[in-house]
Structures are given as C-alpha cells and as structure tokens.
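Undergrad: Take a look and give me a structure for this.
(chains A and B)
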Amino acid sequence: MISIGKALIVDDEPHVRKYIGLVLRSIGVTTLVEAANGVEGFAAYQREKPDLVLLDVNMPVQDGLETLRQIRAFDPEASVVMLTSLTTRQTVETAVDQGALHYIRKDTPRDELIALLKQLLSENPDTEESN
Amino acid sequence: MPPITEEPDLVDLKGRKILLVDDDRLNLRILRGMLKGEGYELTEADSSEAALDLYEEFQPDLVLLDVLLPGMSGFDACRELRKRHGTQTAPVIFITAKQEAESVVEGFTAGGVDYIMKPFRQKEVVARIRTHLQIRRLMSQQRALAEQLGRANAAKNKFLGMAAHDLRNPLASIRGLAEFLRDGTVGPLTPDQLELLDLIYQASQGMVTLVNDLLDVATIESGELKLEISPVALDELIEKSVALNGMEAARKNTRILFTRPASTPALSIDAAKIKQVVDNLLSNATKYSPPGSTVRVALCSLADGASTITVRDEGPGIPEGERDKLFKDFGRLSVQPTGGEKSTGLGLAICRKIVEAHRGTIVAENLPSRGCEFRVTLPVPTS
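TA: Numbering: from 1, shown residues only, chains lettered A, B, ... in the order given. The predicted structure is shown next:
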C-alpha cells in the first residue's frame, strides 16, 4: 500500500470527486480534500499542502492548466496528476511540460484506474515517502 | 439548417441568360427571332475577344459560339473559357456550317457540349438550348444539395460527438460508484440490493461502451481521426490484447492461442488504434465462441514487409447474405453472442475505418469447417 496522507481532488463534477475519492481511499489515501474549480483548488493547495493533487482540465472559473501553473509556481515539488475526459494530446503535453506527473482519463475502468495510480505513485519518489 | 431545395422545375427556364457570338449580324438576328418566345435574356458579341470580356460581365447560363470568327477562333475562345472557369463554365454550343462537319469533333475536344448547324432549324435550336440549360440547372442544384448534405452531416457528427462526450464522464462515475457499493467499500448490502446494483453496473458498463463507440464513429466521420504513428512491435501489442481478452474468454471456458512468427520487424502504426482493432476482433471472437472452443490469433510478415493479423474462431460464422452488413455502422448480424454479451454494432465499422486510415485492409471469411476468420493486413508505410 502506498502511503499518501493527503490528496486534493479538483473537479467541478461532484460525482467525479466522489468516485476519484473512493479510488484514492482504496489505495491507501487517508485524508481527502475537494475543490470545485481552479481558484478553490489553488487556495486549498496553499492551505492544506496535500501530498498529491488530482486536477481536472476543463473547469469553470479557472481551468486546470492555469491552476497547475499556480500550484507548481507556489511549490515546485508538487505532485499533480491531470484528470482528463478526452485525451487531447496537446493539453496533456502542455500539462506534462509544466510539471504534471501524468494524466488519467476519468472514464478508465475502476480496476485499471487503481492499478495506474498505484504504479504512478510508486514510481514517483516525491510521493513514495511515508507522511 | 436551410431546408432542402425544392424540386427542380424542368419547364420554366425564363430569364436564363444566353450569350450569342457570331460575326454575321444576319445569323444573330435569325437566332434572336427563333428564341423570342422562350423568355431568355440575350446578349451579343461579334468576336471571341468581345465574347470573353462580355462573359465576365454578363455571366451567361449558356453560350452559342460561332466557330469561324475573325481573330481568335470559337474553339480557342471555348478553351479559354474552360481554362478560366473550369467545370463551372457555362455550356458552349458551337455554331457550324454543314460543310464544317469535321469541326464537330474538334468542338467537343475544345470543351463544347453540343453544336447546331447552319442553316438553323428553329425546333432544333430551341430544343438543344433547352436541354443544356436544364442540365446546367440540375447540376448546380445537385452541387448545392451535396454541399447542404455535407454541412448537415458535419453538424450531425459534431452533435453526436458532443452528446457522447458529455455522457461519458457521468456514466463512468455511475459505473465506478456502483462498483464501490457492490464491493461493500461503504458498508454491507443485502442480496436484493446487490442484485439491483449488479444491474446498474451492467447497464452503465454497456452504455460506456456504446458511448465510446459513438464517439469513435463521430471522430472518424468528421475526419478528425489523427493517427499517432510510431514504430511498434506488433507481436507485443497482440500479446497484451490476448492477455486482456483471455480473462473474459476464460470465463466462458474459451482459450485464446497466439502464434507469433520467429521475428517481427517493428511496424509504423498508431499503437493505441491498432490495439483497439485487435481488442475488438478478439472480444468479438470470444463473444461468438461456443464454450470450450479456441480462438486462434496469428501474426505473419509478408515478403513485401506487410503484416497480417488473423483471428479465427469456432463460432457460427457469418450468416450468408449478411456479409455486406459486417463492416457497416450499426450492422448487427442475426447471430447471437453465446454468453448474452451486448453488441453496439459499431465495433467492426470502427475497425475498418482505423485499418483503412493505415491504408490496410480488413476482410472476413467463413472457414470450411466452422467459425470464421478475420484478416487485417497492414502495409509498410509509404513515406
């Protein structure tokens, strides 16, 4: 089990936040923080200093790419995984260029999603350490 | 969306514009007299050069063009018009004298659509002009209709894509949340509750598949299918697909066997899209396989560097007379999956489109004993 104390989920859809939250809990995340748009997301990051951020791309008020920039500027070590619906390669490349660890598609079947996140987190030294 | 154009009126050609070109004023007067009752708008030129200038300004629907003119000949004027306006050029009918019968052939070569001979006979002149005006009108209506249909189809694809896209995430959440409930992650459930949840899960799973297929079709149809080409080891790609589909097959007591060649050169393809094709063929083969049967997958390299992937099953095969439905959108056949699986009828249509985007081919054949074989051939990329 990966030990991540706290994860922040930023997505404007409550069902996505709930679902991704359950996925994260199932891989051992103990504390979940949620935000419904980029502005709230960045505020939550500054306040909560989570170990991992799951960040939606298309959101009202402020989109995921701008939020990613803000978070990485505030904390260059931040571990951010983008949540996408359709894999628009361009968006994903931009996000990775700006320091996102990876991206996951929200419509990935649950067990694949769990496997993917586990793999991602075990490969990433920033999130490997215990909290 | 504008309404489809009204039915073409073949009779009323009043107001159509005709450019008469002849250096003989008497001929022009005779033609005017013959056409008087038709209600056309007529204008005249006495040379090719004047006709070419007038054409731009007058924008005629038809040109009556004398062959022998001072200066530039009628043939050359016609060639020039075709050069300037291409297929949009108004039809040109040549005016020839009886003794110039040979020139009829040259007239057609120069792009003319017809000819009338001097001395003019009114019924013939009127009939030929009418015919070509009607053809031109029908052609322009047909062009406009084709454009309208093209726009309507693009709008439909866009709508389809948007609808499918917006449905996808909520469906994925419904499916995922149902799974967590079913697992007891958030507390124990009674058997009745579990039964309902299973139904919710299965229904949402089916819808996710359908929506994904629709989205693929919309993307492909709108011409937005972009291949991300890179060198790929085809045998490894197939191996992954066999592993993934093997689990589902095992549930039906079906085996998937993969025969790979001794060595496979890397092929430049879109790995994700080709994997989608292989996944689809394997899942289809599994779907229609009787329990206890074997699905055989083989990969071969051809002498010219192309690769073929074959998938054989031991199912009922393709019913006679339904083969042409196989690769079409929503082309569901009368054969039923052996384990009650669902089918959107889009999978093979998507496969065909992906394979064709790679300039490859996909064919299906019934095997002599039982079952059928799907064969995908991927050529070496030309560039």
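Undergrad: Residues of chain B that sit close to chain A?
TA: Counting by CB under 8 Å from any CB of the partner chain, chain B comes close to chain A at B:165, B:168-177, B:179-180, B:185-186, B:208, B:212, B:215, B:228. The way it works is simple: take the backbone N, C-alpha and C, and place the C-beta from them, glycine included.
Undergrad: What residues does the residue nearest the centre of chain B make contact with?
TA: Centroid-nearest residue in chain B: B:Glu221, 8.1 Å away (criterion: CA atoms, centre = their mean). By CB atoms under 8 Å, 6 or more residues apart in numbering or on different chains, the contact list for B:Glu221 reads B:153, B:157.
Undergrad: Over to the one 10 residues further on?
TA: If you count contacts by CB under 8 Å, 6+ apart, B:Pro231 has them with B:266-268.
Undergrad: again, only using 7 Å
TA: Listed by CB atoms under 7 Å, 6 or more residues apart in numbering or on different chains, the contact partners of B:Pro231 are B:266, B:268.
Undergrad: give me the low-pLDDT residue ranges for chain A?
TA: A:1-3, A:86-89, A:123-131 (pLDDT under 70).
Undergrad: Look up how far B:Ala77 lies from B:Asp22.
TA: Distance of B:Asp22 to B:Ala77, given as CB to CB, to the nearest Å: 12 Å.
Undergrad: quick one on the thing from earlier: quick one: the residue nearest to the centre of chain B and chain A, what's the gap?
TA: Separation of B:Glu221 from chain A (CB to the nearest CB, to the nearest Å): 16 Å.
Undergrad: Next: B:Ala306.
TA: B:Ala306 is 28 Å from chain A, by CB to the nearest CB.
Undergrad: now do B:Gly347
TA: Taken as CB to the nearest CB, the span from B:Gly347 to chain A is 17 Å.
Undergrad: and that residue, how many neighbours does it have?
TA: B:Gly347: 22 surrounding residues under other CB atoms under 10 Å in any protein chain shown.
Undergrad: again with B:Thr361
TA: By other CB under 10 Å, 15 other residues sit near B:Thr361.
Undergrad: From chain A, how far out is it?
TA: B:Thr361 sits 27 Å away from chain A, going by CB to the nearest CB.
Undergrad: pretty sure that residue is touching B:Arg375, no?
TA: No. Counting by CB atoms under 7 Å, B:Thr361 stays clear of B:Arg375, with 8.1 Å between them.
Undergrad: The stretch 101-250 of chain B: helices as residue ranges?
TA: Counting by DSSP state H, counting those that start in this stretch, the stretch 101-250 of chain B has helices at residues B:103-109, B:122-183, B:191-221, B:234-251.
Undergrad: can you put the ones you listed in JSON lines and add mean pLDDT?
TA: Shown next, in JSON lines, are these (pLDDT from 0 to 100):
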{"stretch": "helix B:103-109", "mean pLDDT": "86"}
{"stretch": "helix B:122-183", "mean pLDDT": "88"}
{"stretch": "helix B:191-221", "mean pLDDT": "83"}
{"stretch": "helix B:234-251", "mean pLDDT": "84"}
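Undergrad: Could you dump these into JSON lines with distance to B:Val92 added?
TA: Shown next, in JSON lines, are the helices of the stretch 101-250 of chain B (distance: least, CB to CB, whole Å):
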{"stretch": "helix B:103-109", "distance to B:Val92": "8"}
{"stretch": "helix B:122-183", "distance to B:Val92": "9"}
{"stretch": "helix B:191-221", "distance to B:Val92": "39"}
{"stretch": "helix B:234-251", "distance to B:Val92": "56"}
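Undergrad: so what's B:Lys17 up against?
TA: B:41, B:58-61.
Undergrad: what about residue 117, how many residues close to it?
TA: In the absence of a named chain, chain A is used. 25.
Undergrad: Actually, chain B is the one I wanted.
TA: 17.
Undergrad: Surely it is in contact with B:Gln99?
TA: No. In this structure, B:Met117 is not within contact of B:Gln99 by CB under 7 Å, at 9.8 Å.
Undergrad: Can you give me the buried ones in stretch B:58-73?
TA: B:58, B:60-67, B:69, B:73 (16 or more other CB atoms under 10 Å in any protein chain shown).
Undergrad: Tell me the one among those residues nearest to A:Asp97.
TA: B:Asp61 (58.1 Å; CB to CB).
Undergrad: ok, that closest one to B:Glu239 distance?
TA: Distance, B:Asp61 to B:Glu239, by CB to CB: 65 Å.
Undergrad: and the helix or strand in which B:Val278 is found, what does it pack onto?
TA: Counting by DSSP states H and E, the element that carries B:Val278 is helix B:271-287. Contact partners of helix B:271-287 among helices and strands, from 3 or more CB pairs under 7 Å, 6 or more residues apart in numbering or on different chains; DSSP states H and E: helix B:234-251, strand B:294-301, strand B:307-312, helix B:347-357.
Undergrad: Using a markdown table, please lay out these together with distance to B:Arg16.
TA: As requested, the helices and strands packed on helix B:271-287 are arranged in a markdown table below (distance: least, CB to CB, whole Å):
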| stretch | distance to B:Arg16 |
| --- | --- |
| helix B:234-251 | 61 |
| strand B:294-301 | 63 |
| strand B:307-312 | 58 |
| helix B:347-357 | 44 |
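Undergrad: and B:Leu54, which of the ones you listed is closest to it?
TA: The nearest among the helices and strands packed on helix B:271-287, by CB to CB, is helix B:347-357 at 48.7 Å.
Undergrad: Pull the contacting residues for A:Val96.
TA: By CB under 7 Å, 6+ apart, A:Val96 has no neighbours at all.
Undergrad: Go ahead and list the helix or strand containing it.
TA: Following DSSP H and E, one finds A:Val96 within helix A:89-97.
Undergrad: Could you pull out the buried residues of that helix?
TA: A:91-92, A:94-95.
Undergrad: Any chance you could list what contacts stretch B:241-260?
TA: B:235, B:238-239, B:275, B:278-279, B:282-283, B:286, B:289, B:291-299, B:338-339.
Undergrad: count of residues packed around residue 75?
TA: Went with chain A since none was named. 14.
Undergrad: Switch to chain B, please.
TA: 22.
Undergrad: Any buried residues in the helix or strand hosting it, and which?
TA: If you go by DSSP H and E, B:Phe75 is part of helix B:74-85. Neighbour counts over helix B:74-85 (16+ other CB under 10 Å) mark B:74-75, B:77-82 as buried.
Undergrad: Packing partners of that helix?
TA: By 3+ CB pairs under 7 Å, 6+ apart, helix B:74-85 packs against helix B:48-58, strand B:62-66, strand B:92-97.
Undergrad: Confidence-wise, which of the ones you listed is weakest overall?
TA: Mean pLDDT values for these show the minimum at strand B:92-97, a mean of 92.
Undergrad: quick one, strands of chain A?
TA: Applying DSSP state E to chain A gives strands spanning A:6-10, A:31-35, A:52-56, A:80-84, A:102-105.
Undergrad: So which of those strands is the most surrounded?
TA: Most buried of the strands of chain A, by mean neighbour count (mean count of other CB atoms under 10 Å in any protein chain shown): strand A:52-56, with a mean of 27.
Undergrad: what's across from the residue nearest the centre of chain A in the sheet?
TA: Among the residues of chain A, the one closest to the centroid is A:Leu54, at 1.3 Å (CA atoms, centre = their mean). Beta bridges link A:Leu54 to A:Ile9, A:Val81, judged by DSSP bridges.
Undergrad: got it, and B:Tyr115?
TA: Bridge pairing for B:Tyr115 - DSSP bridges - gives B:Phe94.
Undergrad: and it, what does it touch?
TA: B:93-94, B:96, B:104, B:107.
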